[in-house]
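Trainee: Got a predicted model here, sequence first, then my questions.
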Amino acid sequence: MANNTVANTTSPAFGAGLSGTVIRRGDPTYDQARRVWNGMIDRNPAMIVQCATTADVVGAVNLARDHGLVLSVRGGGHNVGGLAVCNDGLVIDLSPMRAVTVDPTRRIASAQGGALWKDLDAATHRHGLATTGGLISSTGIGGLTLGGGLGWLMRSYGLACDNLVAVEIVTADGTVRRASATENAELFWGVRGGGGNFGVVTTFEYRLHPVSNMYGGMLVYPFARAGEVLRAYRDLASSAPDELTIFAGLMSAPDGAPITAVLVGYNGPADAGEAAIKPLRDLGPVADQVGVIPYPALNSMLDEGFPHGLQVYWRSDFLKALPDAAIDTMVEQFQSVTSPLSALLLEQFGGAVARVPAGDTAFAQRDALFNLAVIARWTDAKAPEAHVAWARKSSEAMRPFANGGVYVNYLGDEGEERIRAAYGAEKHARLVALKRQYDPANLFRLNQNINPGTSTPR
């Protein structure tokens, strides 16, 4: 019979069979181990198991299940909702499991579940190879890939989840399974977009592509020209070749002055990249930082601007179009921004992302051309209200231009209907069936949860 209290976790004998490092309240490293990227998150787990092997993960899953403990799983800890850490439960911390091996002949990388994108990028770059993965290199590969995984190479090669060839996953019954196109194929479908609902992925295997340098960087314009620049951005994005991925943002310079920025990543020769972004250069940016850059450097270009520990609140929607009225609304909303750290960001999709057949993965929204991220960030933990209100107000103002879908990796605690919106009715029903097969008791529920139909609390 499961013991639903956490009292036993204070005993050194509890979990003695685990070979990973067990951290409890009061331990010297406890406060550091429970911290995640979003400084708003302040949760106190009963124990944190820093796993070094798949066997450690199996032991921790079994312990949580058998004793009725709330369970969360930490890879990079970068999720804005802070779902990597729980109150009064057990955290499976994969951060010691960061090894990456590369087979350059087969163009396959095998990465442990706690690896960060900078780990994977460094290992693959040595062979002149890369795969789609993130915009901030301190992000964990696990959470980003399981929710879809945008990045600079997505219009050339698809999302991170589209480049998965296999995973090793520990499911709720403690079984280690391999999932691929030929093994546990339905489970493999589910982990490519369905998040951490089906288990703890301890190994990811990725398809790699010949990428060494890219033509990329940032173009900066005065905020007063935001409408003009965003219209040019929209027009270019709507007709851009697959090699070009461009994001655009309304944000603040380091001195606090509002600016308009376009972020560029071109997967090809520099002269072709120059030609591709000529419409943007013709606008006369006040700063032009675009040039030939190693792929890992491009993939870490935003790291300094997104450090650990800031207070963060996000809202996000895929857009059905980007008409002039939407651009005007964005500019108007940014004029009332409450923090120089906050931003409105447009992310271009399309290209190879849109050519993956809709039913191939759990990730939906293949037909969206843009995603809008409303990013509120600030430093004072005691005064969140104004910043959260700005994000919500800006999101609501842009809702008439949304297509009803949402990127699951950008969801906070927004309710089950928003989770359904991330997948659509048909895919959500398929995910529920898969959840009932592999996790009927909803052990893995601290995520954007696919509820199997139980009454298990979140």
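Mentor: Right, received. Where do you want to start? Numbering: from 1, shown residues only.

Trainee: Nearest residue to Gly17 in space, please, no chain neighbours.
Mentor: Gly59 (6.0 Å; C-beta to C-beta, 6 or more residues apart in numbering). In this view, the C-beta of every residue, glycine as well, is placed from N, C-alpha and C.

Trainee: now do Tyr30
Mentor: Nearest to Tyr30 is Ile23, by C-beta to C-beta, 6+ apart, at 5.5 Å.

Trainee: any low-confidence regions in the stretch 351-458 of the chain?
Mentor: 454-458 (pLDDT under 70).

Trainee: what do you get if the cut-off is 90, keeping everything else the same?
Mentor: 383, 412-413, 453-458 (pLDDT under 90).

Trainee: now the helices for it?
Mentor: Ranges of helices in the stretch 351-458 of the chain, per DSSP state H, counting those that start in this stretch, are 352-355, 385-398, 416-438.

Trainee: Can you tell me which of those is nearest to Ala326?
Mentor: Shortest distance between Ala326 and the helices of the stretch 351-458 of the chain, using C-beta to C-beta, is found for helix 385-398: 6.6 Å.

Trainee: Could you list the buried residues of that closest one?
Mentor: Of the residues in helix 385-398, 387-388, 390-391, 394-395, 398 count as buried by neighbour count, 16 or more other C-beta atoms under 10 Å.

Trainee: quick one: pLDDT of the closest residue in space to Ala362 that isn't next to it in sequence?
Mentor: Excluding its sequence neighbours, the residue lying closest to Ala362 (C-beta to C-beta, 6+ apart) is Gly193, at 3.4 Å. As summarised for this prediction, Gly193 has a pLDDT of 98.

Trainee: What count of nearby residues applies to Gly193?
Mentor: 26 (other C-beta atoms under 10 Å).

Trainee: Okay, and it sits in which element?
Mentor: Following DSSP states H and E, there is no helix or strand that holds Gly193.

Trainee: ok, now Ala33?
Mentor: helix 30-34.

Trainee: Quick check: mean pLDDT of the helix or strand harbouring the residue nearest to Tyr30?
Mentor: If you go by DSSP H and E, Ile23 is part of strand 21-24. Average pLDDT, strand 21-24: 95.

Trainee: Check which helices and strands that strand sits against.
Mentor: Here strand 21-24 touches helix 30-34, strand 47-50, going by 3 or more C-beta pairs under 8 Å, 6 or more residues apart in numbering; DSSP states H and E.

Trainee: where are the low-confidence patches of the stretch 51-200 of the chain?
Mentor: Counting by pLDDT under 90, the stretch 51-200 of the chain shows low-confidence ranges at 134.

Trainee: and Glu205, what does it touch?
Mentor: By C-beta atoms under 8 Å, 6 or more residues apart in numbering, Glu205 lies in contact with 108-111, 164-167.

Trainee: Which of those residues fall in helices?
Mentor: Among those, no residue falls in helices (DSSP state H).

Trainee: Next up, the contacts around the nearest residue to Ala321 once chain neighbours are set aside.
Mentor: Distances taken as C-beta to C-beta, 6+ apart put Phe401 closest to Ala321, at 6.5 Å, once the chain neighbours are dropped. Applying C-beta under 8 Å, 6+ apart, we find Phe401 in contact with 319-323, 325-326, 329.

Trainee: Format the residues you listed as JSON lines; extra columns: secondary structure and neighbour count.
Mentor: Below are those laid out as JSON lines (DSSP: H, G, I helix; E, B strand; the rest coil; neighbours: other C-beta atoms under 10 Å):
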{"residue": "Leu319", "secondary structure": "strand", "neighbour count": "20"}
{"residue": "Lys320", "secondary structure": "coil", "neighbour count": "17"}
{"residue": "Ala321", "secondary structure": "coil", "neighbour count": "13"}
{"residue": "Leu322", "secondary structure": "coil", "neighbour count": "23"}
{"residue": "Pro323", "secondary structure": "coil", "neighbour count": "14"}
{"residue": "Ala325", "secondary structure": "helix", "neighbour count": "11"}
{"residue": "Ala326", "secondary structure": "helix", "neighbour count": "22"}
{"residue": "Thr329", "secondary structure": "helix", "neighbour count": "18"}
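
Trainee: Roughly how far does the closest residue to Ala326 other than its chain neighbours sit from Ser239?
Mentor: Nearest non-adjacent residue to Ala326, counting by C-beta to C-beta, 6+ apart: Phe401, 4.2 Å away. Taking C-beta to C-beta, to the nearest Å as the measure, Phe401 falls 20 Å from Ser239.

Trainee: again, but for Gly149
Mentor: 25 Å.

Trainee: who's more crowded, those two?
Mentor: Applying other C-beta under 10 Å to Gly149 and Ser239 shows that Gly149 carries more neighbours, namely 27 against 8.

Trainee: before we move on, which element is that one in?
Mentor: Using DSSP H and E, no helix or strand contains Gly149.

Trainee: start the count at 54, not 1, going forward
Mentor: Renumbered: residue one is now 54, and that last one reads Gly202.

Trainee: part of a strand, is Leu316?
Mentor: Yes: under DSSP: H, G, I helix; E, B strand; the rest coil, Leu316 sits within a strand.

Trainee: nearest spatial neighbour of it, skipping sequence neighbours?
Mentor: Nearest to Leu316 is Phe300, by C-beta to C-beta, 6+ apart, at 4.3 Å.

Trainee: what about the one you found, which helix or strand?
Mentor: Residue-wise, Phe300 maps onto strand 297-305 under DSSP H and E.

Trainee: cool, Val144 as well?
Mentor: Per DSSP H and E: strand 143-146 holds Val144.

Trainee: after that strand, next one along is what?
Mentor: strand 153-156.
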